[in-house]
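# 3D, please:
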Amino acid sequence: MVRIRIPGPRRRVAGAALVAAALLAATGCGAADMTQQTSPFANAEGAKTVNLSVQSWVGAQANVAVAQYLLEHELDYRVDTVQVDEIPAWDALSQGRVDAIMEDWGHPEQEQRYIEDKKTIARGGDLGVTGHIGWFVPKYFADQHPDVTDWKNLNKYADQLRTAESGGKGQLLDGSPSYITNDKALVKNLNLDYQVVFSGSEAAQITQIKQFAKQKKPFLTYWYEPQWLFNQVPMVEVKLPKYTDACAEKGTEDPESIDCAYPTTPLQKFLNADFAKKGGKAATFLKKFRWTKEHQNEVSEMIAADKMSPQDAAERWVKENPDVWKAWMP
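Coordinates of the predicted model:
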C-alpha cells in the first residue's frame, strides 16, 4: 500500500513465493507469466471476455471474486484472472494483457508514465476503501500497557517482544521480504532496539499473529487496513512520528532516511485505456464498483478464515447484498 510517494508505504510488491499454498489454492490461479497469458479477446471492441489482475493479498482477491461473479452472472461475460505482482501489473495493463487492476495502493511513477505520458492506462475511480499501513500490538497487551502505543516507549518493551528470531532485540514482525516497506529505516532512524523479522508471506504472518494471540503473548507487527484479521485479533496501532509530505519527499530521494508514519490512501482502480473506451458494460461496471472496508472484510474473512473458495464467498456476499451491487450495474 498509500502512497503519496513514501518509498513503499504498503507497496506490497509480491515475489513468486509471496502467498502460501493455501491462499494460492483458494484463488484458483498461480503466479502468471504475463507473456504467456494474454487473452485473445483483450481490448477487442465488443468482446465478452474480461481479464482481471489479482494481487496476492486476500482483500484484492475479494474485490476480484465479487467483480468476476457479477460480470459472469449478471452481465454474461467470461472473466479470466491472472495473479501478477504490483509493478508488472501496470506493464500488463498498459499492454492490454489485463483489462483492470481493482486495488492499487499508489504508484505515482507508474501513474505518470502510463496515464499522463503514454496515455495507455485510464483511471477507474475510487474503490471506496481507504488503505493504511502501520505498526500494531494486540489489544490485550495495549490494555495492560497503554503507553506501548507511542513509539517513544517501544524500547521499554523490547525485552518482552523479543523472540528466538530477533537476535536479542525486540521483534517487529513483517510479511514477505519482497514487500517494499519503511520498517528497517524506521527502526534505524528512530533508534529502536528492534529487529525486523520476515514471516515469508501474508498467510504466514497471519498464522504467526493468531498463534501469539492464542497464547496471549505480546507482539509488534507491521499490518494494514482493510484486513479481516482485525475481526479475530483486535489490535491497536502504535503511533509513529506524524506523516508529512516533506518526510515523503525526503524518503523518495533517499528511502533509508524515512522517519515518519505511513500515509493513509484511498485505494484506486485502473483500466487499460482502450478497454475503458471500448469495454462496454464491463468497463462501466468496473468503474462503478465501489464498496466499503466492511464489505471487503466480509468476503476476505470467508476466503481466508472460513476456507471458502473465492467464488463461493462472492456468491454468498452477492446474494446477501443486492442493495449494494445493483448500484454498480450499467
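
# A strand includes residue 275, no?
No. Assigned with DSSP: H, G, I helix; E, B strand; the rest coil, residue 275 falls outside any strand and is helix.

# Count the neighbours of it for me.
27 (other C-beta atoms under 10 Å). C-beta: built from backbone N, CA, C; applies to glycine.

# what does residue 175 give?
27.

# Now do the same contact list for the closest residue to it other than its chain neighbours.
Leaving aside its sequence neighbours, residue 175 sits nearest to residue 205 (C-beta to C-beta, 6 or more residues apart in numbering; 4.5 Å). Neighbouring residues of residue 205 by C-beta atoms under 8 Å, 6 or more residues apart in numbering: 173, 174, 175, 199, 221.

# Now flag whichever of the residues you listed is closest to residue 91.
residue 175 (23.5 Å; C-beta to C-beta).

# And that closest one, how far from residue 183?
10 Å (C-beta to C-beta, to the nearest Å).

# any common contacting residues for these two?
residue 222.

# Quickly run through the sheet partners of the longest strand along the chain, with directions.
In the chain, taking DSSP state E as the definition, the longest strand is strand 121-138. Using DSSP bridges, the strands paired with strand 121-138 are strand 220-225 (antiparallel), strand 235-238 (antiparallel), strand 264-272 (antiparallel).

# could you give the mean pLDDT of it?
Throughout strand 121-138, pLDDT has a mean value of 96.

# residues of it that come out buried?
Buried residues in strand 121-138, defined by neighbour count with 16 or more other C-beta atoms under 10 Å: 121-122, 124-125, 127, 129, 131-138.

# before we move on, back to that, check which helix or strand covers the residue nearest to residue 175.
Assigned by DSSP states H and E, residue 205 falls within helix 202-214.

# Tell me where the chain has strands.
49-54, 78-83, 100-104, 121-138, 170-174, 194-198, 220-225, 235-238, 264-272.

# what's the closest of those to residue 153?
Nearest of the strands of the chain (C-beta to C-beta): strand 235-238, 9.0 Å.

# Just the mean pLDDT for that closest one, thanks.
98.

# Also stretch 309-327?
Confidence over stretch 309-327, taken as the mean pLDDT, stands at 98.

# Can you list the helices and strands that the lengthiest helix in the chain packs against?
Assignment by DSSP state H gives helix 58-73 as the longest helix of the chain. Judged by 3 or more C-beta pairs under 8 Å, 6 or more residues apart in numbering; DSSP states H and E, the packing partners of helix 58-73 are helix 21-27, strand 49-54, strand 78-83, strand 100-104, helix 280-288, helix 293-304, helix 310-320.
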